[in-house]
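# predicted model, plus sequence, below.
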Amino acid sequence: MSELTARLQQEQDISDEELIVLIEGGDDQEDLKKRADAVRREHYGIEVYTRGLIEFTNYCKNDCYYCGIRRSNTLADRYRLDKETILACCKEGYELGFRTFVLQGGEDGYYTDDRICDIVAAIRAQNPDCAITLSLGEKTKESFQRYYEAGANRYLLRHETADEEHYRMLHPESLSLQKRKQCLWDLKEIGYQIGSGFMVGSPYQKTEYLVEDLRFLQKLSPDMIGIGPYLTHKETPFKDFPNGSMEQTLRMISILRLMFPYALIPATTALGTIHPRGREFGLQAGANVVMPNLSPTGVRKLYQLYENKICTGEEAAECRGCLSRRVASVGYELVVDVGDVKR
Ligand code: SAH
C-alpha cells in the first residue's frame, strides 16, 4: 500500500515520522514515482525547461569541506571569464534556444558589485527577453538589491542543510547557516525568484536532517529546488566519504514534487554524473528542468566541485542536441522558454 504517498499527494499534513518512512524508501517506490510524475504533468505537462549554466569563476574565498574548488585546494587550476566571453556564451546559448542564463561561481572578490552589475546589465541589454539567474553565494542585501536593479531576476543559493549541527560539520567556522538562510529571505523580499536546495547523502547526514530540509523549504516556499547526490572529491577533507545514493536522490525528487507541486526542480549534473541515465531518471521521478553547461569547453573541467563531472568535452550545441534526445527518450520535451514558475 502507499497510503503515505497518497496523503502527500493530497497535500495533507504529514508528520516527521511519516516523512522519515517515505525518505527511507518504506513506501511503494513505483507508486511514489508515478504520483510525482502525474503531479508534474498536471502543472507542467511534458515540458522540460533548460537553463544555460555559465561557470564564470572557480576562485573561492570559502573552504567548504565538500567542495572541490574550496580555497585550500591548491591543486585547482583557477580561472575567470571576462565580460566578453560571458556575453559570447549567452549569444551562442540564445541561438541554441536558451532563454535563461545562470551565472555561477565561487565567492570571488575579483567580481566586485560594480563588475557584477556591469556584466548583468550587458546580458540584459543583449538578451532582453531572457531570465538572468545569479548563483554567486552569500552577499549583503544591498548587493543583492544592486544586481536586481541591474537586471538579474533569479538567484540560486542552496541552503545545503537546514540543521545547525550538520551545517557545522560541513563548513568552517567562518560560515553560518543563519546567515545563509537570511540571504534567502533577503533575496525573496527584494523580489527575486529564488532557488534553494541541498545535497543528498552528504557526510554525516541523517534522515532527520532531510526532514528539516523539507520543513525549511515549506517555510521558505522557493520557486526552484535543486538537489543532487553528494559526490566526493579527493582534494577535500571529505575524500574518504562515499557518494550519496541515486535512489535516495530520486526518492527526494518525488517527495519534493508532491510537497511542492508548482516547483521548478532540476535533474542536476550531479545526478547525471552518478549514473549515465541519472538525469532521465530524475525527470521520470518528477524533475522538470535541466541545466546544461554553456561555459567555454576549455574551462569546464576546471569547475570541478566533485570528480568525474559529465559533459566537459562537448560544445554547447552538442550538449543541447544530446540533452534534447535524452529528454525525448523518456517521453518529455525540451522547450524554448524562459521557464517561469507556475504558481
Ligand atoms: N558559490 C555558490 C555556488 C556553489 S556551487 C554558492 O555558494 O551558492 C553549487 C552547488 O554545488 C553548491 O550549492 C553545492 O550544493 C553543490 N556542491 C558543491 N560541492 C559538491 C559535491 N562535492 N558534491 C555534490 N554537490 C556539490
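Nice, thanks for sending it over.
# for the residue of the stretch 1-150 of the chain found nearest the ligand, which non-adjacent residue is spatially closest?
When scored by C-beta to the nearest ligand atom, the stretch 1-150 of the chain has residue 137 as its residue closest to the ligand, at 3.4 Å. Quick note: C-beta positions are derived from backbone N, CA and C, even for glycine. Counting by C-beta to C-beta, 6 or more residues apart in numbering, the nearest residue to residue 137 once its immediate chain neighbours are dropped is residue 107, at 4.2 Å.
# near the ligand, anything from the helix or strand harbouring residue 256?
Under the criterion of DSSP states H and E, residue 256 resides in helix 246-259. No: applying C-beta under 6 Å from any ligand atom, one finds helix 246-259 separated from the ligand by no less than 10.3 Å.
# what's that helix packed up against?
Here helix 246-259 touches helix 3-9, helix 16-23, helix 29-44, strand 193-200, helix 207-220, strand 224-229, helix 269-274, helix 278-284, going by 3 or more C-beta pairs under 8 Å, 6 or more residues apart in numbering; DSSP states H and E.
# next, the residue of the stretch 1-150 of the chain closest to the ligand: phi, psi?
phi 90, psi -160 (degrees, to the nearest 10).
# who's in contact with the residue nearest the centre of the chain?
Centrality entry for the chain: nearest residue to the mean C-alpha point is residue 226, 3.5 Å, by C-alpha atoms, centre = their mean. Listed by C-beta atoms under 8 Å, 6 or more residues apart in numbering, the contact set of residue 226 reads 156, 158, 195, 196, 197, 265, 266, 268.
# want to throw these into JSON lines with distance to the ligand, pLDDT and neighbour count?
Written out in JSON lines, the entries for these read as follows (distance: C-beta to the nearest ligand atom, whole Å; pLDDT from 0 to 100; neighbours: other C-beta atoms under 10 Å):
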{"residue": "156", "distance to the ligand": "7", "pLDDT": "98", "neighbour count": "25"}
{"residue": "158", "distance to the ligand": "4", "pLDDT": "98", "neighbour count": "19"}
{"residue": "195", "distance to the ligand": "10", "pLDDT": "98", "neighbour count": "27"}
{"residue": "196", "distance to the ligand": "9", "pLDDT": "98", "neighbour count": "28"}
{"residue": "197", "distance to the ligand": "7", "pLDDT": "98", "neighbour count": "23"}
{"residue": "265", "distance to the ligand": "14", "pLDDT": "98", "neighbour count": "27"}
{"residue": "266", "distance to the ligand": "11", "pLDDT": "98", "neighbour count": "29"}
{"residue": "268", "distance to the ligand": "8", "pLDDT": "97", "neighbour count": "24"}
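# nearest to residue 166 among those?
residue 158 (13.5 Å; C-beta to C-beta).
# my guess is residue 181 contacts residue 159, does it?
Yes: contact status for residue 181 versus residue 159: in contact at 6.2 Å, counting by C-beta atoms under 8 Å.
# any common contacting residues for those two?
With C-beta under 8 Å, 6+ apart, residue 181 and residue 159 have common neighbours residue 216.
# give me every residue in this structure lying close to the ligand.
66-67, 104, 106-107, 135, 137, 157-158, 160, 199, 228, 230-231, 233, 270, 305-306.
# and the residues you listed, which of them are buried?
66-67, 104, 106, 135, 137, 157-158, 160, 199, 228, 230-231, 233, 270, 305-306 (16 or more other C-beta atoms under 10 Å).
# give me the neighbour count for residue 101.
For residue 101, the neighbour count with other C-beta atoms under 10 Å is 25.
# same question, residue 46
16.
# correct me, but it touches residue 334?
No: using C-beta under 8 Å as the test, residue 46 is too far from residue 334 to be in contact (10.0 Å).
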